Structures are given as C-alpha cells and as structure tokens.
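> no FASTA, just this:
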C-alpha cells in the first residue's frame, strides 16, 4: 500500500506532498489540475516496484532507472521523458525554462522509498537516488476512464504490434483481465467481495474465447451490448474473480462516475467502500460531488464502513491561477471543491433570473 508521495516540478505540480489513507482516497479536481496525473504517477511507480520485487534477482540500478522512465513514458505518452518536467516561465520570457522533476514515493509495510529525478532534457532514463532492497507486495490495478471489456478481443496483441494513441494503462488492464478465474480456497477468499458486485450486476461475468458476456437470468449478453456503466462494474468483478485484484492490493480508478446514472453511482460508492473495508487500498479521481458525498455519507451513517479510513485531496487554482491543494480525513475538512462551487453558482444564477 502507498503511504505518501512528494512531487516537485512534475507536469502541473510545483512542490507538493500528499499523504494517503489505507482505505479510500478521493482525489477531487477540475480539468487540468493534475487529478489523473497523480493517479498515473502513483500507479506507474507502484507497478515497477511490484514487478521488481517479483524478479528472481533485482535489476541493476541502471536497468531499473530505464524501467522507471519507460513506464512513465508509456503511461503518460509524452514525446520525451523530459516533457514531464514542469515548465517555469521567467518574467518577460515567452518560453518555459525547465529544471528537474523529482518524485519520492513511500510504501507501507517495510518497503523502501522510491526516490528519483530527471531533467527536462531526459529522454529514456531517470536518476534513482538509491536502488530499493525491500519491495511492496501489493498488486496495482488501474481502471481508466474508458471501459475496456468491449475492446478486449485482440487488443493486447494489437497494442504490442501497432502504434496506438492509447496509454499503457489500457494494455495493462487487458493483461489483468486475461487471467483465468480462481477456484478452490483462493476463490473462497474473495467471494465476500465478489458477491455484492455480482448482485448489483444481476449476473456473472463469463468469458468465451476472447469475448466477455454478462450471464444473468435473462441469458448471456455480449459485453458490447451491456450499458457502459455496467461494463465498468463487470470489469471490477472479473478482476476479483481471476485474482488480479486481491486483498491488500491497490486499485486506481479514474472518473468511476463517467457514463453512470445516479443509482449506479450510489452502487459504485458502496462497492468501493466495501473493497476498502476488506483491505484493498482505493484511489479514485473524480469530478462528481454526488460520488464524494455518497462516500462521505457511507462513512458517517453506515455502521459497516465507520472504520474505513478515508482521505480527501482537492486540487485546484486560486483567483491568480496558482495551484491550491487541500487534504483531510473527511469532506468537511476540504473547502475547494469545484463541483460544489459550480452547483452553488448555478443555483445563484437561477435565483437571479427568477
């Protein structure tokens, strides 16, 4: 699991440190404030860290530096690694002067800190401060804004052999979905997580060849014919069923409310809280005040989730367009919520026009 991350001079971030919770972490922000970048950065380093820990012998420092750089490039898709360094404009200059970006990511459970930096001229390599010797065990899953179950057939092969305008989170998720379902004791261990999701789906996710179906009392329905919001829930169900997402794992989900009606958003909130209650660390990036309010209400009003650690992080800009960051353990402790501000502004406009 992730404990904290310090970011300097990286994309939209100047100098900021975020503290994470063991349960559910809600990243709130308007477009362009770094919401997705924070999720992707934490995910990219987590996947490199976990895969390195699985190696029979950890790679040499030079090789590990290349792996970190490659993952950042594949997840963010800049022309060069150095493009991820934040531009600093000197007064009176038209172009940005780039320095160095620096990232420090700390895991829980005894794993070493990952600390590295790279310059605005870097192409294929970061500078790792010191090679870690103790590695995290938590598997990391990233669920992007667009669902992937309908595009699954042949996507992994196509991504390997063709240049596609999609970042590597889609490829990684397809690989995770490719695993066969669990059985025996391993399946029994995740059944209490899976059952509530399948109840909301009204059936089970099954795979035949390279195609996914929703098998319900109405029969089997091809996944492309299922509503997109339901396909997102189905993705999570299959990741649990095949063991890609396990207890003590980490799930990153960018805009889970996208293409969901309010009733399904409520289901997603309950599902995410259930995952967190069972020991899965959850990160979501959202625009939806409805979703974050639903999570806050479940924490306060539902006895099942009262002990789930929650963390709210807001990203935004002040009136002078300077970055504004807030962090807290409940929704009341953060005030800069663009979604709420716009709802209130809409109400004011309505009153003025009445």
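In hand now; what should we look at? Small disclaimer: the values here were computed from a predicted structure and weren't measured.
> Could you list the domains of this structure?
The chain breaks down by the TED database into domains covering 1-85+99-139+261-353, 148-246.
> Among the ones you listed, which comes closest to residue 255?
The closest of the domains of the chain to residue 255 is domain 1-85+99-139+261-353. By CB to CB, the value is 6.1 Å. Heads up, the C-betas are built off the backbone N, CA and C, glycines and all.
> Tell me if residue 52 really is in a helix.
Yes - under DSSP: H, G, I helix; E, B strand; the rest coil, residue 52 sits within a helix.
> Surely it touches residue 131?
No - Residue 52 lies out of contact with residue 131 (CB atoms under 8 Å); the separation is 9.1 Å.
> Spatially central residue for this protein, please.
The centroid of the chain falls nearest to residue 252 when counting by CA atoms, centre = their mean (2.3 Å).
> What strand or helix carries it?
strand 250-254 (DSSP states H and E).
> remind me which residues of the stretch 251-354 of the chain are low pLDDT?
320, 336-354 (pLDDT under 70).
> how does it look with 90?
257-268, 271, 278, 287-290, 292-293, 314-354 (pLDDT under 90).
> all helices for it, in order.
Assignment of helices within the stretch 251-354 of the chain using DSSP state H, counting those that start in this stretch yields the ranges 262-277, 289-301, 338-353.
> Contact partners for the nearest residue to residue 231 once chain neighbours are set aside?
Among residues not flanking residue 231 along the chain, residue 147 sits closest, at 4.4 Å (CB to CB, 6 or more residues apart in numbering). Counting by CB atoms under 8 Å, 6 or more residues apart in numbering, residue 147 touches 228, 231-232, 235.
> one more time with 10 Å, if that's ok
By CB atoms under 10 Å, 6 or more residues apart in numbering, the contact list for residue 147 reads 170, 173, 223, 226, 228-235, 258-259.
> For residue 182, which non-adjacent residue is spatially closest?
Nearest residue to residue 182, sequence neighbours excluded (CB to CB, 6+ apart): residue 243, at 4.8 Å.
> so the one you found, which of the three states?
Per three-state DSSP, residue 243 ends up coil.
> Now for residue 277, how many residues are close by?
Neighbour count of residue 277, defined by other CB atoms under 10 Å: 18.
> That one and residue 331, how far apart?
18 Å (CB to CB, to the nearest Å).
> helices or strands next to the strand holding residue 252 in the packing?
The contact analysis (3 or more CB pairs under 10 Å, 6 or more residues apart in numbering; DSSP states H and E) places strand 250-254 against strand 24-29, helix 35-54, strand 140-143, helix 228-241, helix 262-277, strand 281-286.
> make it 7 Å
helix 35-54, strand 140-143, strand 281-286 (3 or more CB pairs under 7 Å, 6 or more residues apart in numbering; DSSP states H and E).
> Dump the ones you listed into CSV; add mean neighbour count and distance to residue 15 as well.
Below are those laid out as CSV (neighbours: other CB atoms under 10 Å; distance: least, CB to CB, whole Å):
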stretch, mean neighbour count, distance to residue 15
helix 35-54, 21, 14
strand 140-143, 25, 25
strand 281-286, 24, 21
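> how about those, which one is nearest residue 23?
So among the helices and strands packed on strand 250-254, strand 281-286 is nearest, using CB to CB, at 6.9 Å.
> Can you give the contact residues for that closest one?
1-2, 22-28, 35-36, 39, 42, 250-257, 272, 275-276, 292 (CB atoms under 7 Å, 6 or more residues apart in numbering).
> Show the contacting residues for residue 291.
Shown in contact with residue 291 (CB under 7 Å, 6+ apart): 257, 265, 269.
> Pretty sure residue 142 sits against residue 172.
Yes - with contacts counted by CB atoms under 7 Å, residue 142 reaches residue 172, the gap being 6.3 Å.
> Residue 61 - nearest residue in space that isn't next to it in sequence?
Going by CB to CB, 6+ apart, residue 61 has residue 131 as its nearest residue, at 4.7 Å.
> State the pLDDT value of the one you found.
Looking at residue 131, its pLDDT reads 87.
> if I look at it, how far off is residue 236?
Counting by CB to CB, the gap from residue 131 to residue 236 is 34 Å.
> and if you look at residue 111?
In terms of CB to CB, residue 111 sits 25 Å off from residue 236.
> Run through the stretch 1-150 of the chain and note the low-pLDDT ranges.
28-34, 53-60, 86-99, 109-110, 123-125, 130-131, 133, 136-139, 146-147.
> Strands of that one, residue ranges please.
For the stretch 1-150 of the chain, the strands defined by DSSP state E, counting those that start in this stretch cover 2-10, 13-19, 24-29, 87-89, 96-98, 100-107, 114-119, 127-128, 140-143.
> Okay, angle between the first one and helix 35-54 too, please.
What it means is strand 2-10. In terms of direction (axes from the mean of the first three to the mean of the last three CA atoms, to 10 degrees), strand 2-10 departs from helix 35-54 by 120 degrees.
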